[in-house]
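[1] The sequence and its predicted three-dimensional model are supplied below.
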Amino acid sequence: MPPAEAMRVLIVDDEAPARDHVREVLERTPDVEVVAEAGDGISAAQAIQDLRPDVVFLDVRMPEMDGFEVLAALPDGDVPLIIFVTAFDAFAVHAFDVHAVDYVLKPFDTERLQQAVVRAAERMKGIQGRDRELRLAKLLAEMPPRPLERVLVKTGERFELVRLVDVDWIEAAGNYVTLHLGTRTPLLRHTLNGIERSLDPERFRRIHRSTIVNLDRVKDIRPLLGGEYCVRLLDGTELRVSRGYRHRILSG
């Protein structure tokens, strides 16, 4: 039984041999508990939210949902310390190092893995939750911009991967947003401002302080009184365009 103060670690990699190697090293490391493993991004995001590990060894390149998309899918406050795992991408490695977010290069070196654990333990002593979020946000902000393509929504006890191209429109709901996909309206734990920054501006436009629309779903736009407009979607849904945002939809 690991001690109560053991560092709780999640291992995420789509390659089983890589996970095995990391686990074998961590199991020989004092005061470390491997709480789970994940072989894909969806399972990783669910495990992070369900288990709340202290540290995640996170593969950068994975099919379906890569490491960056996993981080983008996490609600505010659910971000643990991240040790990125990568076989290449010198720019990413440099960014991780500058911002004190550790990384390990493939193929793994046992000593390097142990060093990463030591560094994570040291940071756990001096970094509070909000500081972790700010460091990670700064890191992601300096990575090459790439629009968010998929998000995870929770349906019951499971997570579902939703392609944003399938979303008709997005509505603010406090600290959540409602994704409108035909008759389905799953909730996503993100603010509207937060998700807007991650969307492709060529496809999605803010038309109201509480509404973002998928331009591919727009059938027509008609003027209303007072300088406002109405957007009609292909399914007949009508959405109001406020004056402050009308230039965004009228600019094409």
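    Good, I have the coordinates.
[2] how about the spatially closest residue to Ala6 that is not a sequence neighbour, secondary structure?
    Leaving aside its chain neighbours, Ala6 sits nearest to Glu33 (4.3 Å; criterion: C-beta to C-beta, 6 or more residues apart in numbering). C-beta here means a position set from N, CA and C on the backbone, and glycine is covered the same way. Assigned with DSSP: H, G, I helix; E, B strand; the rest coil, Glu33 falls in the strand class.
[3] before we move on, what about Lys219?
    strand.
[4] pretty sure it is touching Arg232, no?
    Yes - counting by C-beta atoms under 8 Å, Lys219 touches Arg232, with 5.0 Å between them.
[5] Comparing the two, which residue is more hemmed in?
    Arg232 (15 against 12; other C-beta atoms under 10 Å).
[6] can you pull the buried residues of the host helix or strand of that one?
    Arg232 is part of strand 229-233 when elements are defined by DSSP states H and E. Using 16 or more other C-beta atoms under 10 Å as the test for burial, strand 229-233 gives Tyr229, Val231, Leu233.
[7] Give the rounded mean pLDDT of it.
    Throughout strand 229-233, pLDDT has a mean value of 95.
[8] Only C-alpha atoms, please: export that strand in PDB.
    What follows is strand 229-233, C-alpha atoms only, in PDB (Å, rounded to 0.1, in the frame of the first residue of the first chain):
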ATOM      1  CA  TYR A 229     -30.500  41.100 -37.500                       C
ATOM      2  CA  CYS A 230     -31.900  37.600 -37.400                       C
ATOM      3  CA  VAL A 231     -29.900  34.500 -38.500                       C
ATOM      4  CA  ARG A 232     -32.000  31.600 -39.800                       C
ATOM      5  CA  LEU A 233     -30.300  28.200 -39.700                       C
END
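[9] In terms of secondary structure, what does it contact?
    For strand 229-233, the packing partners by 3 or more C-beta pairs under 8 Å, 6 or more residues apart in numbering; DSSP states H and E come out as strand 218-223, strand 238-241, helix 246-250.
[10] Pull out the buried residues from stretch 33-52.
    For stretch 33-52, by 16+ other C-beta under 10 Å, it's 33-49.
[11] scratch that, stretch 153-172
    Val153, Lys154, Phe159, Leu161, Val162, Leu164, Val167, Asp168, Trp169, Ile170, Glu171, Ala172.
[12] Nearest to Glu238 among these?
    Trp169 (10.8 Å; C-beta to C-beta).
[13] Next up, the contacts around the closest one.
    By C-beta atoms under 8 Å, 6 or more residues apart in numbering, the contact set of Trp169 is His180, Thr211, Ile212, Val213, Asn214, Arg217, Leu233, Thr237, Leu239.
[14] now with 7 Å?
    Going by C-beta atoms under 7 Å, 6 or more residues apart in numbering, Trp169 touches His180, Thr211, Ile212, Val213, Asn214, Arg217, Leu233, Leu239.
[15] Which single one of the residues you listed is nearest to Tyr245?
    Of the contacts of Trp169, the one sitting nearest to Tyr245 (C-beta to C-beta) turns out to be Thr211, at 8.4 Å.
[16] Dig out what the closest one forms beta bridges with.
    Beta-bridge partners of Thr211, counted by DSSP bridges, are Glu171, His208.
[17] Need the buried residues of stretch 153-172 in TSV (columns: distance to Leu58, secondary structure and pLDDT).
    What follows is the buried residues of stretch 153-172, written out as TSV (distance: C-beta to C-beta, whole Å; DSSP: H, G, I helix; E, B strand; the rest coil; pLDDT from 0 to 100):
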residue	distance to Leu58	secondary structure	pLDDT
Val153	21	strand	84
Lys154	20	strand	77
Phe159	17	strand	77
Leu161	17	strand	83
Val162	21	strand	88
Leu164	22	helix	92
Val167	26	coil	97
Asp168	32	coil	98
Trp169	32	strand	98
Ile170	27	strand	97
Glu171	31	strand	97
Ala172	30	strand	95
